[in-house]
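1. Next one to model:
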Amino acid sequence: MYFKLKKQRNLKTGSKAKHIFSLQPTRRNKIGLDTIAEMIEQRTSLSRGDVVNTLITLQQIIGERIQLGEIVELDHLGTFKATFKSRGVEDPKTLTVQDLSPRSISFLPKPELKRYLEGISYQIVQEE
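-> Residues are numbered from 1 along each chain as shown. Modelled structure (predicted):
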């Protein structure tokens, strides 16, 4: 995995340094459904079309179950759930469902998936 130096203004009070530096990952490649389907096809007895249909159906089912307020837990992969934002008020009697807004879908990976982080090799690259 490749990282680049990122220069930022130092916002810490009391520090004499005007800038601080950190490492930021550079994303070189992005793979999509077709590539993943092809990789699964090569490792299983399933056809590419069957894999694509299965993955699309999985996405639809996860979305439907999240809409129902359920948490979707897939063994060895992780957990999906909806997150929400609510306005804060002093009087709880004034809160209504209009004060809620869907925020996002969160994903929490299972330890089996997170173990792949242990095998990452790191390299710092110069900006072009």
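2. need the contact list for the most centrally placed residue in the chain.
-> Centroid check for the chain by C-alpha atoms, centre = their mean gives residue 107 as the closest residue, at 6.0 Å. Residue 107 sits next to 78-80 when contact means C-beta atoms under 8 Å, 6 or more residues apart in numbering. The C-beta positions use only the backbone N, C-alpha and C, and glycine is treated the same way.
3. Out of the residues you listed, which end up buried?
-> Buried members of these, scored by 16 or more other C-beta atoms under 10 Å, are 78, 80.
4. Among the contacts of residue 107, which one lies nearest to residue 65?
-> Nearest to residue 65 among these, counting by C-beta to C-beta, is residue 80 at 8.3 Å.
5. what about the residue nearest to the centre of the chain, which helix or strand?
-> strand 100-109 (DSSP states H and E).
6. Distance from that strand to the middle of the chain?
-> Distance, stretch centre to chain centre, for strand 100-109: 10 Å (C-alpha atoms, centre = their mean, to the nearest Å).
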